[in-house]
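[1] give me the fold of what follows.
(one chain, ligands or ions: 1)
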Amino acid sequence: MLVICRARKYHFNSHQACEKETGGKMKKFMETCYKCKSAVKPSQCIKEGITLNCLKCSRCGEEYLTSSELIKFDIKTGRRKLIRKFGILGDSTFMRLPIEVVKQYKIKPGDYGLFEKRPEGILIKPVHARDIKG
Ligand SMILES: [Zn+2]
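    A predicted model of the protein is given here:
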């Protein structure tokens with residue numbers, strides 16, 4: 001799914017409010033400005049010192065960002081809190097869990113995480129050791 005946001009009007013961390021799905025899968029980018037219907041062109045914009053690829057309207061100057069550029073912005077500015085880097089430990093790939101997730105799901109040492117493959121990513125279902133005892 002491609003999400004396009006107006007770069008100026010919306011807060012980056014609330015971009016779900018302006019989600020807009022494009023019609024078909026093949027239509028990768030929007031072609032015209034939502035505001036003035038003029039053609040948009042691939043361009044670059046700098047937000048808070050971070051260079052982002054955007055689509056810019058040639059007439060009114062409105063800038064549009066894709067979801068991947070928004071994620072890049074969130075990561076680089078530290079706005080995305082529920083995000084962790086993959087690391088390597090010996091032969092294993094690991095990721096630390098955010099503390100709020102551990103607390104909310106009451107995850108304790110010895111509990112299990114059930115991985116489910118989903119089209120949009122990986123879902124981890126916590127299974128508490130105390131619930132499967134005996
Ligand atoms: Zn425009």
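[2] just confirm C45 is within a helix.
    No - the assignment for C45 (DSSP: H, G, I helix; E, B strand; the rest coil) gives strand, which keeps it out of a helix.
[3] and C57, bridged to which residues?
    Partner residues in beta bridges with C57, using DSSP bridges, are V40.
[4] how close does it sit to the ion?
    3 Å (CB to the ion, to the nearest Å). Every C-beta, even on glycine, is put in place using the N, C-alpha and C of the backbone.
[5] thought that residue was touching E31?
    No - at 10.9 Å, C57 does not count as touching E31 under the criterion of CB atoms under 8 Å.
[6] more neighbours: the two, which one.
    For C57 and E31, the more surrounded residue by other CB atoms under 10 Å is C57, and the numbers stand at 21 against 10.
[7] how about the more buried one, what does it touch?
    C33, K35, C36, S38, A39, V40, E63, Y64 (CB atoms under 8 Å, 6 or more residues apart in numbering).
[8] just the ones of the residues you listed in strands?
    Counting by DSSP state E, the contacts of C57 place V40, E63, Y64 in strands.
[9] let me know the closest of the residues you listed to the ion.
    V40 (7.3 Å; CB to the ion).
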